[in-house]
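*Asks:* Sequence plus the predicted model coming up.
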Amino acid sequence: MRFAVISATLFAALTAAVAFGAGTAAAADPVSQPDRIGLHLNHEETTALGDGPVPALITMVVPLNRIGAGLKSDTEIYRDENGGVHASLREVIMEAASHPDGTVTLYLNAPGTKDGRMLDIYQSWN
């Protein structure tokens, strides 16, 4: 029950922040899987998210070791020999936003899934 309340609150806050930052016409696409819920952001929404306070606010609540990043194969973000990502949430978002068609998808994971990660972010661009 606690996860549901926290997830719903974070999901609503993220949706509101993206909609406010990207303008009234923006509407992030909700996505869901059996063990997580998320938002797919278009390029404008991705840029607005990276430019705003949300990444810093998220990392104040979610420890960095509980955030996963699915990076594009041509990323310039450093990964160590174990696949560990060495970048902030904002850096992952802004790298996607720096591409003309770059987007991100953010997921809130159910407890006990995804190796204990609370949040996952995936980059996408052509």
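*Replies:* Noted; the coordinates are in hand.
*Asks:* Report the outermost residue of the chain with respect to its centre.
*Replies:* Within the chain, the residue lying farthest from the chain centre (CA atoms, centre = their mean) is E81, at 23.3 Å.
*Asks:* Low-confidence regions, this structure specifically.
*Replies:* Scanning the chain for pLDDT under 70 picks out 1-27.
*Asks:* What residues are bridge-paired with the residue nearest the centre of it?
*Replies:* With distances taken as CA atoms, centre = their mean, the residue of the chain nearest its centroid is L106 (3.3 Å). Under the criterion DSSP bridges, L106 forms beta bridges with L39, I121.
*Asks:* Who are the contact partners of it?
*Replies:* If a contact means CB atoms under 8 Å, 6 or more residues apart in numbering, then L106 has 14, 38-39, 41, 119-121 as its contacts. Just so you know, the C-beta spots here come from the backbone N, C-alpha and C atoms, and that holds for glycine as well.
*Asks:* from these, which single one is nearest I67?
*Replies:* Set against I67, the nearest of the contacts of L106 by CB to CB is L119 (4.8 Å).
*Asks:* Give me the phi and psi angles of that closest one.
*Replies:* L119 has phi and psi values of phi -140, psi 140 when expressed as degrees, to the nearest 10.
*Asks:* Distance-wise, check it relative to D74.
*Replies:* Here L119 is placed at a distance of 23 Å from D74 (CB to CB, to the nearest Å).
*Asks:* Which of those two has more residues huddled nearby?
*Replies:* For L119 against D74, the residue with the higher neighbour count under other CB atoms under 10 Å is L119, and the figures read 23 against 8.
*Asks:* hang on, the more buried one packs against V61?
*Replies:* No: contact between L119 and V61 fails when scored by CB atoms under 8 Å: they sit 9.5 Å apart.
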